[in-house]
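Peer 1: fold the following, please.
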Amino acid sequence: MFVATLLCNPDTPVLDPALVDSLRNAWGGGAARWLNPGIAAEFDLAAMPANRWAVWTEVQALGVDLCLQPAQGRRKAMLLADMDSTMIRQECIDELADMAGVGAHVAAITARAMNGELDFEAALNERVGLLKGLPETVIDQVLAERITYMPGGRVLIATMKAHGGHAALVSGGFTAFTGRVAAALGFDEHRANTLLAEGGRLTGAVGQPILGKQAKIDALTQITARLGLTPAEVIAVGDGANDLGMLHLAGSGVALHAKPSVAAQCDLRVNHGDLTALLYLQGYTADDFAAV
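Peer 2: Modelled structure (predicted):
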């Protein structure tokens, strides 16, 4: 048995009951269940439709995301999340670079690295090298003035934790940011790289070993083993090429507003919805959401 979930941006509730019923009828699905009127609905399917991606393309043009997955086991016990452009809207290193006057150059490298065009570790070392001499105080300034949270993050974490879940933030960014972001959103733990500093200024180097694609996979296996869970009980979310390993290993890997080359390698793609989409994909209704 499979479940088809249709959802959209909660700020623009464009999910039409006629669209849901039309697709349900075309695929011979079960009765529609509305998880949030105008925003999210689902129905059961006996088999995976052969034209799923053609239909996905059509509804994308309407501002609607379509996700299909096995029905069994979709409610997860753990969230594993990327930070930059996933739990927050920005790329922290790009914001630091902008403060250092090399923003455009670093942003171009970041975009290529996240798209899988460059080696992650080499690209990180190159970008951090351009931050050499920047005062450490700039980190607090960026956090205060430039970092904004992706909508739905607090609700996602609070709801999963209210149902016994565990939340881990694993980033190729920096602990100076993940510590604050994790505390603000309610994560149970966080892992990231360390920006090295001396005398109150960044040295232009990163603490070793660098946390990249493999380290995110390792985090998934290590944390689940510690908690007595399996990777199948994890829902992971990210947007970059360095997230693909954990997205593929997790029971549910969600490409959220991801780079096209990354999204193309994932079955669960959310381009219009916010982070509450991860709750709808697990079958939660809006009435189930924890208050934050």
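Peer 1: could you break the chain into its assigned domains?
Peer 2: Under automatic domain parsing, the residue ranges defining each domain of the chain are 1-72, 76-292.
Peer 1: which other helices and strands contact the longest helix out of those in the chain?
Peer 2: Among the segments of the chain that qualify as a helix by DSSP state H, the longest is helix 213-227. With contacts taken as 3 or more Cβ pairs under 8 Å, 6 or more residues apart in numbering; DSSP states H and E, helix 213-227 sits against strand 78-81, strand 166-174, strand 189-193, strand 234-238, helix 244-249. For glycine as for every other residue, the C-beta is placed from the backbone atoms N, C-alpha and C.
Peer 1: ok, back up a step: single out the most deeply packed of the domains of the chain.
Peer 2: domain 76-292 (a mean of 19; mean count of other Cβ atoms under 10 Å).
Peer 1: any idea of the mean pLDDT in that one?
Peer 2: Domain 76-292 comes out with an average pLDDT of 95.
Peer 1: ends of it, what's the gap?
Peer 2: Start to finish, the residues bounding domain 76-292 are 20 Å apart (Cα to Cα, to the nearest Å).
Peer 1: partners of residue 5 in the sheet?
Peer 2: On the basis of DSSP bridges, residue 5 is bridged to residue 42, residue 67.
Peer 1: quick check, pLDDT for it.
Peer 2: On the pLDDT scale, residue 5 is placed at 98.
Peer 1: pretty sure it contacts residue 66?
Peer 2: Yes. Residue 5 lies in contact with residue 66 (Cβ atoms under 8 Å); the separation is 7.4 Å.
Peer 1: residue 263 touches residue 270, doesn't it?
Peer 2: No. The pair residue 263 / residue 270 is not scored as a contact, 9.1 Å apart, by Cβ under 8 Å.
Peer 1: now for these two: what residues contact both?
Peer 2: residue 255 (Cβ atoms under 8 Å, 6 or more residues apart in numbering).
Peer 1: what about the strands in the stretch 1-150 of the chain?
Peer 2: Taking DSSP state E, counting those that start in this stretch as the test, the strands found in the stretch 1-150 of the chain are 2-8, 33-36, 40-45, 64-70, 78-81.
Peer 1: ok, now which ones touch the residue lying closest to residue 99 once chain neighbours are set aside?
Peer 2: With Cβ to Cβ, 6 or more residues apart in numbering as the criterion, residue 99 has its nearest non-adjacent residue at 5.0 Å, and that residue is residue 138. By Cβ under 8 Å, 6+ apart, the contact set of residue 138 is 96, 99, 100.
Peer 1: look up how far residue 146 lies from residue 138.
Peer 2: With distances taken as Cβ to Cβ, to the nearest Å, residue 138 is found 10 Å from residue 146.
Peer 1: got a list of what residue 54 touches?
Peer 2: By Cβ under 8 Å, 6+ apart, the contact list for residue 54 is empty.
Peer 1: mind saving the C-alpha coords of the longest helix of the chain as PDB?
Peer 2: Presented in PDB, the C-alpha positions along helix 213-227 are these (Å, rounded to 0.1, in the frame of the first residue of the first chain):
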ATOM      1  CA  LYS A 213      28.700  14.100   3.200                       C
ATOM      2  CA  GLN A 214      30.200  11.000   4.900                       C
ATOM      3  CA  ALA A 215      30.000  12.600   8.300                       C
ATOM      4  CA  LYS A 216      26.200  13.200   7.800                       C
ATOM      5  CA  ILE A 217      25.900   9.500   7.000                       C
ATOM      6  CA  ASP A 218      27.900   8.700  10.100                       C
ATOM      7  CA  ALA A 219      25.800  10.900  12.200                       C
ATOM      8  CA  LEU A 220      22.700   9.100  11.100                       C
ATOM      9  CA  THR A 221      24.100   5.600  11.900                       C
ATOM     10  CA  GLN A 222      25.700   6.700  15.100                       C
ATOM     11  CA  ILE A 223      22.700   8.500  16.600                       C
ATOM     12  CA  THR A 224      20.200   5.800  15.600                       C
ATOM     13  CA  ALA A 225      22.500   3.100  17.100                       C
ATOM     14  CA  ARG A 226      22.700   5.100  20.300                       C
ATOM     15  CA  LEU A 227      18.900   5.500  20.500                       C
END
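Peer 1: just the angle between it and strand 234-238, please?
Peer 2: If you take axes from the mean of the first three to the mean of the last three Cα atoms, to 10 degrees, helix 213-227 sits at 150 degrees to strand 234-238.
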